[in-house]
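Enquirer: model the following, please.
(one chain, ligands or ions: 1)
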Amino acid sequence: PPDGAVLRTAGLAKTYGGRTPVEALRPLDLEVGPGETFGLLGPNGAGKTTLVKLLLGLVRPTAGEATLLGRPVSDADARREVGYLPEGHRFPPFLTGRETLDLFARVGGVDADRRARRAPALLDLVRLGGAADRKVGTYSKGMLQRLGIAQALMNRPRLVFLDEPTDGVDPVGRREIRELIETLRDDGVTVFLNSHLLSEVERVCTRVAILKDGALVREGTVDDLTRVGRAWRLLTTPL
Ligand code: ATP
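Expert: Just a heads-up that it's a prediction; the model follows:
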């Protein structure tokens, strides 16, 4: 990755305790540079969400460290410059899109001025301008995810984490989210995208890593990974 990593981990690891401890993330060294669209691929349970939560300081590592924009993830200032679309994000159905965006931004400490200035542009960016005054309960899954992305962008972050943004979204909605990610990339925003679908990340990501059982099994450009994907499919598809 280019100089001045936006995100860096060194030996970052997480074991969840309990009767049978789970090694959700094995010691990981990773760097993501400015402007990259980084795809983290892996089946459910591979540790993708755990990694994102560690990077956001929402989960405490068992070992190792992580920095965002050159600062430890425990630094509140670093976190404020980062956007996050959690997996399986939910919104109350009885507010409009506009009210929802405003409410969550207010709860997130965004001042009224910035909320008023940013909301219309954000709603347009995620193509919800025309639906902004409809109740969120009438939105499709794709629209809800786009609203969640608008929310994640409220603070003009330089880095955005999107955890399975197209999960449960129909093909048209997936394309819209993909186009939105491309827009972010063109605007120079660094995107960290979690997905369990190669087809999803291969279209938008500049670099991809594959996580399996908490370990990074492969990392490279999309071309490298697509070759691996094809070889893997050839090997596993019965003739
Ligand atoms: P998914 O897409 O289903 O979220 P994932 O790749 O994001 O999958 P994680 O959610 O990070 O995977 O989970 C990794 C492993 O850690 C799984 O075995 C999961 O059961 C376990 N795990 C996750 N959170 C906890 C927790 N709070 N306590 C105990 N185990 C957990």
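Enquirer: the residue nearest the centre of the chain pairs with what?
Expert: Nearest to the mean C-alpha position of the chain, by C-alpha atoms, centre = their mean, lies Leu162 at 1.6 Å. Note on Leu162: beta-bridge partners by DSSP bridges are Leu85, Leu193.
Enquirer: just checking, it touches Ile181?
Expert: Yes. Contact criterion C-beta atoms under 8 Å: Leu162 and Ile181 qualify, at 7.3 Å. Bear in mind the C-beta positions are built from the backbone N, C-alpha and C, glycine included.
Enquirer: need the overlap of contacts for the two.
Expert: 191, 193 (C-beta atoms under 8 Å, 6 or more residues apart in numbering).
Enquirer: give me the neighbour count for the closest residue to Arg158 other than its chain neighbours.
Expert: Distances taken as C-beta to C-beta, 6 or more residues apart in numbering place Glu81 nearest to Arg158, at 5.8 Å, with adjacent residues excluded. Applying other C-beta atoms under 10 Å, we find 16 residues neighbouring Glu81.
Enquirer: what residues are up against the residue nearest to the centre of the chain?
Expert: Counting by C-beta under 8 Å, 6+ apart, Leu162 has contacts 85, 149, 152, 181, 191-194.
Enquirer: before we move on, back to that, got a pLDDT number for the residue nearest to Arg158?
Expert: Per-residue pLDDT puts Glu81 at 85.
Enquirer: contacts only, for it.
Expert: With C-beta under 8 Å, 6+ apart, Glu81 has these contacts: 68-69, 155, 157-159.
Enquirer: among these, name the ones in helices.
Expert: The subset of those located in helices under the criterion DSSP state H is empty.
Enquirer: tell me the one of those nearest Ala215?
Expert: Leu68 (22.4 Å; C-beta to C-beta).
Enquirer: how far away is that closest one from Leu58?
Expert: Separation of Leu68 from Leu58 (C-beta to C-beta, to the nearest Å) stands at 12 Å.
Enquirer: neighbour count for these two, which is higher?
Expert: Between Leu68 and Leu58, Leu68 has the larger neighbour count (other C-beta under 10 Å), namely 25 against 14.
Enquirer: where exactly do the helices run in the chain?
Expert: Assigned by DSSP H, the chain shows helices spanning 48-55, 76-80, 97-107, 112-125, 141-152, 171-186, 198-204, 222-236.
Enquirer: which among the ones you listed is found nearest to the ligand?
Expert: Distance to the ligand, taken as C-beta to the nearest ligand atom, is lowest for helix 48-55 among the helices of the chain, at 3.1 Å.
Enquirer: count the neighbours of the nearest residue to Pro86 once chain neighbours are set aside for me.
Expert: Of all residues not flanking Pro86 in the chain, Asp163 sits nearest, at 5.7 Å (C-beta to C-beta, 6+ apart). The number of residues packed near Asp163 is 22, by other C-beta under 10 Å.
Enquirer: give me every residue in this structure lying close to the ligand.
Expert: 16, 18, 22, 24, 42, 44-50, 87, 164 (C-beta under 6 Å from any ligand atom).
Enquirer: dump those residues to JSON lines, plus pLDDT and neighbour count.
Expert: Supplementary listing: these in JSON lines, determined by pLDDT from 0 to 100; neighbours: other C-beta atoms under 10 Å:
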{"residue": "Tyr16", "pLDDT": "94", "neighbour count": "13"}
{"residue": "Gly18", "pLDDT": "84", "neighbour count": "7"}
{"residue": "Val22", "pLDDT": "92", "neighbour count": "15"}
{"residue": "Ala24", "pLDDT": "95", "neighbour count": "22"}
{"residue": "Gly42", "pLDDT": "89", "neighbour count": "21"}
{"residue": "Asn44", "pLDDT": "86", "neighbour count": "8"}
{"residue": "Gly45", "pLDDT": "88", "neighbour count": "14"}
{"residue": "Ala46", "pLDDT": "91", "neighbour count": "23"}
{"residue": "Gly47", "pLDDT": "94", "neighbour count": "24"}
{"residue": "Lys48", "pLDDT": "94", "neighbour count": "25"}
{"residue": "Thr49", "pLDDT": "95", "neighbour count": "21"}
{"residue": "Thr50", "pLDDT": "96", "neighbour count": "22"}
{"residue": "Glu87", "pLDDT": "91", "neighbour count": "14"}
{"residue": "Glu164", "pLDDT": "94", "neighbour count": "22"}
